[in-house]
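Chemist: what's the 3D shape of this:
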Amino acid sequence: MKTRSCLSLFLLRLSPMFFLSLTLLATPVVQAAVNLSDTPLGRRVMVDYIVHFAYHLQWPVNAFANQSAPFKVCLMGGDSLGEPLAERFKNQRIDGRRVELEKIDLKDMLRARKCQIVVLGSMERNFLLKALVAVEFFPVLTVSDADSFAATGGMIEFADSGNEVALRMNKTMLEKAELKMGKSLFRLGQKPD
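Modeler: Below you'll find the model as predicted:
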């Protein structure tokens with residue numbers, strides 16, 4: 001009983017500001033999730049990085065069916081990056097290979113194993129996880145701006161950290177896919193306006 005009255009006395013002495021702070025901390029903040037790919041500048045930054053990755057990562061020889069096989073960049077889920085990627089890769093060659101963009105339906109996600117880069121757009125979390133499992137151990141770079149993408153098994157996550165773009169990288173998954181990073185891989189830097 002004595003402990004209870006001491007606690008009551010202690011609570012009465014606390015400032016009202018403490019209770020306001022405690023209330024604010026306990027109240028969930030509801031915000032609309034805005035991904036980088038939802039804005040023109042964010043899409044431009046993501047496309048710049050994806051093109052940069054295509055030129056600066058090294059894929060194992062078995063990543064391609066043969067000498068003349070194209071370098072495939074595949075889109076799964078929302079395709080807000082489809083048009084900007086098509087424009088940037090138009091008439092480009094990666095290690096002498098023509099670049100081919102392909103849209104992959106979620107029902108046929110095993111086709112992603114034949115891609116070099118898979119851009120995972122907006123989709124339900126369970127589909128995202130299934131897509132990551134479908135390409136695990138294959139030489140396929142997975143990139144997305146989905147929340148916690150790198151922590152859930154994706155390779156490179158684009159995150160908006162205020163007025164800069166942060167790249168979160170899952171080195172374990174890159175190593176499983178046998179993708180090698182050149183020293184210049186992360187030299188590209190850009191701050192949103």
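Chemist: per-residue pLDDT, residue 62?
Modeler: Confidence at residue 62, expressed as pLDDT, is 89.
Chemist: Could you list the low-pLDDT ranges of this protein?
Modeler: Counting by pLDDT under 70, the chain contains low-confidence residues at 1-34, 182-193.
Chemist: mind running it again at 90?
Modeler: Confidence mapping of the chain against pLDDT under 90 gives the ranges 1-42, 61-62, 78-80, 122, 159-166, 180-193.
Chemist: ok, longest strand in it?
Modeler: Determined from DSSP state E, the single longest strand within the chain is strand 97-104.
Chemist: Just the residues contacting that strand, thanks.
Modeler: Under the contact criterion Cβ atoms under 8 Å, 6 or more residues apart in numbering, strand 97-104 has outside partners 54, 64, 68-76, 79, 82, 85-86, 89, 92-93, 111-112, 115, 118. C-betas here are computed from N, CA, C, even on glycine.
Chemist: try 6 Å
Modeler: Residues external to strand 97-104 that are found in contact with it (Cβ atoms under 6 Å, 6 or more residues apart in numbering): 70-76, 85-86, 89, 92, 111-112.
Chemist: and these as CSV, adding distance to residue 143?
Modeler: As requested, those are exported to CSV (distance: Cβ to Cβ, whole Å):
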residue, distance to residue 143
70, 19
71, 15
72, 14
73, 10
74, 11
75, 11
76, 11
85, 11
86, 16
89, 14
92, 17
111, 17
112, 12
